[in-house]
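Chemist: Have a look at this prediction, sequence included:
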Amino acid sequence: MANLFDDNRNYLLGDPELEFVGDRDKLAQWRHKGLGPAYYKLGRKVVYRGCDLNAWAEANRFDLALQGIDRWLLCCPRPPVK
């Protein structure tokens, strides 16, 4: 998979690229619940590394082919048998 985030960059809350993952409140909920991407807490600042964001995105990838579902059937259902 192509990286969604630059691996060599750090992202702070408020960076527009993080909106792709979730808004500020959603990221706070995930941190509180122990969910979401790995992060650093430096004082009051929350820092996400690009490589951690990419690893989290890849771990949460959903591929229908791996689930044993034929993609064609999902987009082109068969007509009911009479």
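Modeler: Nice, I can see it.

Chemist: Tell me if I am right that A28 is in a helix.
Modeler: Yes: under DSSP: H, G, I helix; E, B strand; the rest coil, A28 falls within a helix.

Chemist: mean confidence for the helix or strand harbouring L53?
Modeler: For L53, the host element (DSSP states H and E) is helix 50-59. Computed over helix 50-59, the mean pLDDT rounds to 94.

Chemist: mind saving the C-alpha coords of it as CSV?
Modeler: What follows is helix 50-59, C-alpha atoms only, in CSV (Å, rounded to 0.1, in the frame of the first residue of the first chain):
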residue,chain,number,x,y,z
GLY,A,50,4.0,9.4,10.2
CYS,A,51,5.3,5.9,10.3
ASP,A,52,3.0,5.1,13.2
LEU,A,53,0.0,6.6,11.4
ASN,A,54,0.8,4.4,8.3
ALA,A,55,1.3,1.3,10.4
TRP,A,56,-2.1,1.9,12.1
ALA,A,57,-3.8,2.5,8.8
GLU,A,58,-2.4,-0.7,7.4
ALA,A,59,-3.4,-2.7,10.5
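
Chemist: For it, which residues meet the burial criterion?
Modeler: By neighbour count with 16 or more other CB atoms under 10 Å, helix 50-59 contains the buried residues G50, C51, D52, L53, N54, A55, W56, A57. In this view, the C-beta of every residue, glycine as well, is placed from N, C-alpha and C.

Chemist: ok, now which ones touch the residue nearest the centre of the chain?
Modeler: Nearest residue to the geometric centre of the chain (CA atoms, centre = their mean): A57, 3.8 Å. Contacts for A57 (CB atoms under 8 Å, 6 or more residues apart in numbering) come out as M1, L4, F5, V21, P37.
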